[in-house]
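Peer 1: give me a 3D structure for the following:
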Amino acid sequence: MAKQNQWKNLNGLVFSTDPNYQPPTEDEPATEMVPPQQQRLRVQLDKKQRKGKAVTLITGFAGSDDELKELGKALKMHCGVGGSAKDHEIIVQGDQRDKVLKYLLDKGYTQTKKSGG
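Peer 2: This is a model prediction of the structure:
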């Protein structure tokens, strides 16, 4: 059996002068589930740093990464296009603002607004 390296468990900590220091555990605090009615989502068109290609950007999502990816997948399937979901943002390829806005309102995200031009 291979010997486990204890340094890997310190999350990059090299040295501490505090004799009572305990390294942080990997248990992330659970993100509280925010109901769709209380989330303030913004749907906007974005072309910055995308070589002129337009994408629909949904920002303001409050929830876990799994919920974000699930909503992103549902939006991409609804619009029939690709995209990604990370860093509390969902990117849907193309100008799909109206489709995305209608879908989110139908799913109970009542505080969703179209933002920008």
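
Peer 1: use CA for all of it now, contacts and neighbours both
Peer 2: OK.

Peer 1: buried set for stretch 74-89?
Peer 2: Residues 75-76, 79, 83, 85, 89 are the ones in stretch 74-89 that count as buried (16 or more other Cα atoms under 10 Å).

Peer 1: find the nearest non-adjacent residue to the residue nearest the centre of the chain, please.
Peer 2: Closest to where the C-alpha atoms of the chain average out (Cα atoms, centre = their mean) is His88, at 2.5 Å. Closest residue to His88 apart from its sequence neighbours, by Cα to Cα, 6 or more residues apart in numbering: Phe61 at 5.6 Å.

Peer 1: so what does that neighbour have for phi and psi?
Peer 2: Main-chain dihedrals, Phe61, degrees, to the nearest 10: phi -70, psi 130.

Peer 1: same question, Leu75
Peer 2: Dihedral angles (degrees, to the nearest 10) for Leu75: phi -70, psi -40.

Peer 1: report the contact partners of it.
Peer 2: Going by Cα atoms under 8 Å, 6 or more residues apart in numbering, Leu75 touches 92, 100, 103.

Peer 1: then Lys86?
Peer 2: Counted by Cα under 8 Å, 6+ apart, Lys86 has contacts 65, 68-69.
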